[in-house]
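Enquirer: attaching a predicted model along with its sequence, questions to come.
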Amino acid sequence: MFFSANQKFSIGQFAKLHEINKKTLMWYDEIGLLKPAVIGENGYRYYTYQQSSVLEMILMLRELNVPIKDIRKFLSARCAATFEDLLEENLYKIDQTIAHFTTLRDVMEKKKRDMAAIHTLDLTEISIVEKEQNHSLITVDISDQLSLESQIGKVITETKKYQLHRLHNASYGAMLPVEKLYQGKTLEYQYLYIQMPDTVEKRGLHIQPKGKYLRAFCKGSWDKLPVRYHEILSYAENRNLKLTGFAYEKGINEMVIDTLDDYITQIEIQIETK
């Protein structure tokens, strides 16, 4: 559709052309963002087709959540250079938003798979699984019996350092050294951990190595874990398996339970290869 540069549109026609509510145009007029080209003797507002590009620019910037004051500042001194700077700044924000939602989608997909797997889990089973890739973990040392407030503070510091928006953007749990496990000290955890998305820079993080692991589950509160660890050690001994590294614990259904009696802890411990 082509219009002449002098074509005038009523506020209703101009709003319809750009698929917005005419109250939006009235508000833009009121705050001085986009005033009608002509106000008739009858008080009606009229816009020209030439103003369409300006309106579309405003609408685009508003979709990017650019503040009104910044749009007004740009419109007061429009040129290619200032528009380029504005676009560059907001392209960065878009990239950050896309990265966040991509990570969030991956988290949701994983949780969906976890929820589907729960229906078929045999919680009494101990199995050998192959982990096909390394996983990067933020670790928070809790071996010095830190207070709960101190532990929370450390976790918050680490999540901010790696720009996690919320804890649900990653898996998290606790790490128990295998040597403590063999000594029967099943409550002497060394680290809390946060498993980072694959997109995060991995330098300086603890690596949970790929390879063969024993995997088991424990249903109920954490005071049931020592008995489950005894069963895991018996399973490994009966099969001449030597465990190494850490026992990695994490809850897999905390979002869908009301009581700890239904809590399911997944335990993974690496098997030493000969």
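Expert: Okay, I see it.

Enquirer: for the chain, which element, helix or strand, carries the lowest mean pLDDT?
Expert: Every helix and strand of the chain was ranked by mean pLDDT, DSSP states H and E. The lowest is helix 148-161, at a mean of 71.

Enquirer: quick one: strands adjacent to the helix or strand just after it?
Expert: Scanning forward in sequence from helix 148-161 by DSSP states H and E, the next helix or strand is strand 171-177. Paired strands of strand 171-177, with direction, are strand 191-195 (antiparallel), strand 243-251 (antiparallel) (DSSP bridges).

Enquirer: chain center to strand 171-177: distance?
Expert: In this view, strand 171-177 has its centroid 20 Å away from the chain centroid, taken as CA atoms, centre = their mean, to the nearest Å.

Enquirer: and the longest helix out of those in the chain, average pLDDT?
Expert: Looking across the chain with DSSP state H, the single longest helix is helix 80-118. If you average the pLDDT over helix 80-118, you get 82.

Enquirer: buried stuff in that helix?
Expert: By 16 or more other CB atoms under 10 Å, the buried positions in helix 80-118 come out as 86, 90, 103, 107, 111, 114. Heads up, the C-betas are built off the backbone N, CA and C, glycines and all.

Enquirer: next, the angle strand 191-195 makes with the least confident helix or strand of the chain.
Expert: With axes from the mean of the first three to the mean of the last three CA atoms, to 10 degrees applied, the angle from helix 148-161 to strand 191-195 works out at 30 degrees.

Enquirer: so what secondary structure elements neighbour helix 148-161?
Expert: The contact analysis (3 or more CB pairs under 8 Å, 6 or more residues apart in numbering; DSSP states H and E) places helix 148-161 against strand 135-141, strand 191-195.

Enquirer: ok, back up a step: from the buried residues of helix 80-118, which is closest to Lys224?
Expert: Taking CB to CB as the measure, Lys224 lies nearest Asp114 of those, at 20.1 Å.

Enquirer: and Ser52, how far from Gly32?
Expert: For Ser52, the distance to Gly32 equals 19 Å [CB to CB, to the nearest Å].

Enquirer: the two: which is more packed in?
Expert: Each of Ser52 and Gly32 has its neighbours counted (other CB atoms under 10 Å); Ser52 has more, 15 against 11.

Enquirer: what about Phe74, how many residues nearby?
Expert: By the criterion of other CB under 10 Å, Phe74 has 18 neighbours.

Enquirer: could you report the distance from it to Asn90?
Expert: On the measure of CB to CB, Phe74 and Asn90 end up 11 Å apart.

Enquirer: shared neighbours of the two, anything?
Expert: Contact criterion CB atoms under 8 Å, 6 or more residues apart in numbering; residues shared by Phe74 and Asn90: Leu61.

Enquirer: circling back: turn the buried residues of helix 80-118 into TSV, including distance to Gln190.
Expert: Formatted as TSV, those follow (distance: CB to CB, whole Å):
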residue	distance to Gln190
Leu86	49
Asn90	44
Thr103	27
Val107	26
Lys111	27
Asp114	25
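
Enquirer: Tyr44 contacts Gly12, correct?
Expert: No - look at Tyr44 against Gly12 with CB atoms under 8 Å: they stay out of range, at 9.7 Å.

Enquirer: out of the helices and strands packed on helix 148-161, flag the one nearest Ile257.
Expert: Nearest of these (CB to CB): strand 191-195, 20.4 Å.

Enquirer: what's in contact with the following helix or strand past the closest one?
Expert: Sequence order places strand 206-208 as the next helix or strand after strand 191-195, per DSSP H and E. For strand 206-208, contacts defined as CB under 8 Å, 6+ apart pick out 131, 134-139, 191, 193, 195, 246, 248.

Enquirer: residues near the residue nearest to Arg228 when sequence neighbours are not counted, how many?
Expert: Once flanking residues are discounted, Arg228 sits nearest to Cys218: 4.2 Å by CB to CB, 6 or more residues apart in numbering. By other CB under 10 Å, 21 other residues sit near Cys218.
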